[in-house]
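Trainee: Give me a 3D structure for the following:
(chains A and B)
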Number of protein chains: 2
Amino acid sequence: MSKFWSNLTKELKPYVPGEQPKDKKYIKLNTNESPYGPSPKINTLLKEYNADDLRLYPEPTSEILRETISQYYGLTKDEVFIGNGSDEVLALCFMAYFDKNDQVVYPDISYSFYNVYAKLFQLQPDIITLDNEFKIPVEQFLNKNAGIIFPNPNAPTGRYLEIEYVEKIIKTNPDTIVIVDEAYIDFGGESAVKFIKDYDNVLVVQTFSKSRSLAGSRLGFALGQKELIEGLTRVKDSFNSYPIDRLAMLCGVEAFKDVEYFELCRKKIIQTREKTVKTMKELGFHVIPSQANFIFAEHKKIRAEDLFISLKQNGILVRYFKANKIDNYLRITIGTDQEMDALVEFLKKLDL
Amino acid sequence: MSKFWSNLTKELKPYVPGEQPKDKKYIKLNTNESPYGPSPKINTLLKEYNADDLRLYPEPTSEILRETISQYYGLTKDEVFIGNGSDEVLALCFMAYFDKNDQVVYPDISYSFYNVYAKLFQLQPDIITLDNEFKIPVEQFLNKNAGIIFPNPNAPTGRYLEIEYVEKIIKTNPDTIVIVDEAYIDFGGESAVKFIKDYDNVLVVQTFSKSRSLAGSRLGFALGQKELIEGLTRVKDSFNSYPIDRLAMLCGVEAFKDVEYFELCRKKIIQTREKTVKTMKELGFHVIPSQANFIFAEHKKIRAEDLFISLKQNGILVRYFKANKIDNYLRITIGTDQEMDALVEFLKKLDL
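Mentor: Residues are numbered from 1 along each chain as shown, chains lettered A, B, ... in the order given. So this is what the prediction gives:
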């Protein structure tokens, strides 16, 4: 604490990212990264890149990348906003669409950064309680007269909300923004992108950090009608004009263009997830249905925190949230088949 | 304008970065980039980098880069904060040390982003008028009882404030933050870094975008006592945990370690600046004394805006600010000798 901190700074409760211990080599299943590297074309790109170009500022509007993404989704360039990871995009959303003391609606079990943003921008959270199986009570998100944000699939549960319900939420809140945070959409869900042409209040946020294997490059994006995107751009240009690294932007273009590799990786991860879920259920775990690149699971015979520690001691990192309602669950990222086999072998030995 | 924008978003007056026209090849003297590429070691780094590592999140605390910078300046790691360019660092400063409606003191002719931040975070600017030669009236910055920010050397003028006056400002404002924005300090000025050990209210902000030739990599940093840095970290971790690209962080380390190359480039730029200033004065230009990698100049016989347009038509981009008190000046980045020769040749032909 310092006398120079603003009052707000003193009160903040910052987000806590997953740990990155360096004491030994871990099987890293704790931050939902892809177990597969990015498109091999990115390796070639780096080898051939002229480092002298790094002396120049990036294009502040990320034209090439916006063009590439808009083509992929059948949108126009003006309907795409690029940010430094989806976290920055989300932070800018909280600034662009909410004023101090505005209500913001989100689920109680959800991406924990929403609470942090609500605090940072001094909003009034209207927190909706999920049911015991972490399902979203859709009716409680209808006709809210307040901005809404939720991840789909949800994090850290992995649970997907069927797209017709997403539309219902968008449709019944025509005068307020509905932000669908689709960080994990490529692992089995259907995107709300298709609603953009018909609804001016939906903003879809996605990331390069999961299905595009570029967590290290800090790229995220938002998709929505032109006026929504303009609002984000205004805030971004009042905060940091050039948040996107020159090289990262080129990597992002390659990641989107190599559709074949993208499809290969995401299908492989889905396959590995299904296999892992099946085995874990056989071992007596209660696994929440997941359409993400992670699973959320508990076992009645062992405390999640104990299992978390035990896994870590044995070289396997997963994520444990010491939080109300989820403190007996572990969030486990889907790694390679080999990594998941190692996890399963360890769990089998516990003989629960 | 959209009904979904926050009231604040509607009122913002975003920063306008220098133009990057693509209609033809320009001599680019408009955004204060280095004319020289970054350390050749960065080229090697890119060639040898394993692109698969990009699937992983960067270290959220940028340990290696903080360690490298702290060693360079004789500080501890806890006295270094890394951000996505010095613009992001400055934006986070405005959040970390100021509450809504707080006063913030800065010069009238200065980095135009300060006005944008004051608006974004709803502060009350206390704007100090520079004299006709753009000198800072030091006495007006003493005993302010409000947070202070100023660039040294100043932008867009290039004028340097002698370090003893910087200390006086820090010393007479012991209860408020003094942010010294040293984006251009490596081109001839002396850094306020040396005051960090004695004063808990000074924060020095620097960038990799100018003297380190890495504008494309989006790296900036702040130096100050541990508690000031902690405040920045709290805000950063409430906004975006991982703003630094994995590869950019490694590039930053190389840029700091290659001291020899850094010295070579900055000395060359200083030399070219002195030569250019001399010639421009001979051509009748009034040139503000500069310790930066740019010069700020006017000529009584030609309107700056006309000269700006004429230069652009002839393939030379410089920066023109259509703003009160400086609308007859051009800000000209120092390029290579060859680039400056081309500029000078063009100016000579005008026969002013």
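Trainee: Residues of the stretch 251-352 of chain A that sit close to chain B?
Mentor: Within reach of chain B by CB under 8 Å from any CB of the partner chain, the stretch 251-352 of chain A has these residues: residue A:251. (C-beta placed from N, C-alpha, C; glycine too.)
Trainee: residues contacting residue A:262?
Mentor: With contact set as CB atoms under 8 Å, 6 or more residues apart in numbering or on different chains, residue A:262 has these partners: A:39, A:186, A:211-212, A:255-256.
Trainee: and with 10 Å instead?
Mentor: Residue A:262 is in contact with A:38-39, A:72, A:186, A:211-213, A:255-256, counting by CB atoms under 10 Å, 6 or more residues apart in numbering or on different chains.
Trainee: Please produce a markdown table containing these, extended by neighbour count and secondary structure.
Mentor: Below are the contacts of residue A:262 laid out as a markdown table (neighbours: other CB atoms under 10 Å in any protein chain shown; DSSP: H, G, I helix; E, B strand; the rest coil):
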| residue | neighbour count | secondary structure |
| --- | --- | --- |
| A:38 | 29 | coil |
| A:39 | 25 | coil |
| A:72 | 14 | helix |
| A:186 | 22 | helix |
| A:211 | 22 | coil |
| A:212 | 27 | coil |
| A:213 | 28 | coil |
| A:255 | 25 | helix |
| A:256 | 19 | helix |
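Trainee: need the residues you listed in TSV with pLDDT, can you?
Mentor: Formatted as TSV, the contacts of residue A:262 follow (pLDDT from 0 to 100):
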residue	pLDDT
A:38	98
A:39	98
A:72	97
A:186	98
A:211	98
A:212	98
A:213	98
A:255	98
A:256	97
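Trainee: For the helix ranked longest in chain A, list every residue counted as buried.
Mentor: When chain A is parsed with DSSP state H, its longest helix is helix A:259-282. Along helix A:259-282, these residues count as buried under the neighbour rule (16 or more other CB atoms under 10 Å in any protein chain shown): A:261-262, A:265-266, A:268-270, A:272-273, A:276-277, A:279-280.
Trainee: from the contacts of residue A:262, which single one is nearest chain B?
Mentor: Among the contacts of residue A:262, residue A:213 lies closest to chain B (CB to the nearest CB), at 4.3 Å.
Trainee: Quick check: that closest one touching residue B:56?
Mentor: Yes - here residue A:213 reaches residue B:56: they are 9.3 Å apart, a contact under CB atoms under 10 Å.
Trainee: anything in contact with each of those two?
Mentor: Counting by CB under 10 Å, 6+ apart, the shared contacts of residue A:213 and residue B:56 are A:33-34, A:37.
Trainee: Could you let me know which of the residues you listed ends up closest to residue B:102?
Mentor: Within the shared contacts of residue A:213 and residue B:56, proximity to residue B:102 (CB to CB) peaks at residue A:33, which comes in at 39.8 Å.
Trainee: what's the pLDDT at the residue nearest to the closest one when sequence neighbours are not counted?
Mentor: Excluding the flanking residues, the one nearest residue A:33 by CB to CB, 6 or more residues apart in numbering or on different chains is residue A:215, at 5.0 Å. At residue A:215, the model reports a pLDDT of 98.
Trainee: How many neighbouring residues does residue A:215 have?
Mentor: Residues lying near residue A:215 (other CB atoms under 10 Å in any protein chain shown) number 25.
Trainee: Strands along the stretch 201-350 of chain A, start to end?
Mentor: Per DSSP state E, counting those that start in this stretch, the stretch 201-350 of chain A carries strands over the ranges A:202-207, A:220-223, A:286-287, A:294-298, A:316-317, A:319-320, A:330-333.
Trainee: Starting from the third one, tell me which strands it pairs with and how they run.
Mentor: Spelled out, it's strand A:286-287. Here strand A:286-287 is paired, per DSSP bridges, with strand A:294-298 (antiparallel).
Trainee: Could I get the contacting residues of the spatially closest residue to residue A:301 that is not a sequence neighbour?
Mentor: Sequence neighbours aside, residue A:352 is the residue nearest to residue A:301 in space, at 4.5 Å (criterion: CB to CB, 6+ apart). By CB under 10 Å, 6+ apart, the residues touching residue A:352 are A:283-285, A:299-302, A:307.
Trainee: Can the strand or helix carrying residue A:82 be said to contact chain B?
Mentor: Assigned by DSSP states H and E, residue A:82 belongs to strand A:80-83. Yes - part of strand A:80-83 sits near chain B under the criterion CB under 10 Å from any CB of the partner chain, namely residue A:83.
Trainee: strands paired with that strand, and their directions?
Mentor: Partners of strand A:80-83 in the sheet, by DSSP bridges, are strand A:220-223 (antiparallel).
Trainee: Give the buried residues for the partner strand.
Mentor: Buried residues in strand A:220-223, defined by neighbour count with 16+ other CB under 10 Å: A:220-223.
Trainee: all strands in the stretch 1-150 of chain A, in order from the N-terminus.
Mentor: Assigned by DSSP E, counting those that start in this stretch, the stretch 1-150 of chain A shows strands spanning A:27-28, A:80-83, A:103-107, A:124-128, A:147-151.
Trainee: Now these in JSON lines, please, with extra columns for mean pLDDT and mean neighbour count.
Mentor: Converted to JSON lines, these look like this (pLDDT from 0 to 100; neighbours: other CB atoms under 10 Å in any protein chain shown):
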{"stretch": "strand A:27-28", "mean pLDDT": "96", "mean neighbour count": "21"}
{"stretch": "strand A:80-83", "mean pLDDT": "98", "mean neighbour count": "25"}
{"stretch": "strand A:103-107", "mean pLDDT": "98", "mean neighbour count": "22"}
{"stretch": "strand A:124-128", "mean pLDDT": "98", "mean neighbour count": "16"}
{"stretch": "strand A:147-151", "mean pLDDT": "98", "mean neighbour count": "25"}
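Trainee: Of these, give the one that comes closest to residue B:318.
Mentor: Closest to residue B:318 of the strands of the stretch 1-150 of chain A is strand A:80-83 (CB to CB; 28.2 Å).
Trainee: how distant is the closest one from the center of its chain?
Mentor: In this view, strand A:80-83 has its centroid 15 Å away from the chain centroid, taken as CA atoms, centre = their mean, to the nearest Å.
Trainee: Tell me which residue is most central in chain A.
Mentor: Chain A has residue A:183 as the residue nearest its centroid, 3.3 Å off, counting by CA atoms, centre = their mean.
Trainee: Just give me the neighbour total for the closest residue to chain B within the stretch 51-200 of chain A.
Mentor: Scanning the stretch 51-200 of chain A for proximity to chain B using CB to the nearest CB identifies residue A:52 as nearest, at 3.1 Å. If you count neighbours by other CB under 10 Å, residue A:52 ends up with 15.
Trainee: Please name the nearest non-neighbouring residue to it.
Mentor: Of all residues beyond its chain neighbours, the one nearest residue A:52 is residue B:37 (3.1 Å), with distances taken as CB to CB, 6+ apart.
Trainee: and that neighbour, what does it touch?
Mentor: By CB under 10 Å, 6+ apart, the contact set of residue B:37 is A:50-56, B:43, B:213-214, B:261, B:265.
Trainee: Show the pLDDT at it.
Mentor: If you check residue B:37, the pLDDT there is 98.
Trainee: shouldn't residue A:8 be in contact with residue A:121?
Mentor: Yes - with contact defined as CB under 10 Å, residue A:8 counts as touching residue A:121 (9.4 Å).
Trainee: joint contacts of the two?
Mentor: Shared contacts of residue A:8 and residue A:121, counting by CB under 10 Å, 6+ apart, come down to residue B:238.
Trainee: counting contacts, what elements does the helix or strand of chain A with the lowest mean pLDDT pack onto?
Mentor: Scoring the helices and strands of chain A by mean pLDDT, DSSP states H and E places helix A:7-11 at the bottom, with a mean of 92. Helices and strands touching helix A:7-11, by 3 or more CB pairs under 10 Å, 6 or more residues apart in numbering or on different chains; DSSP states H and E, are helix A:113-120, helix B:85-97, helix B:226-236.
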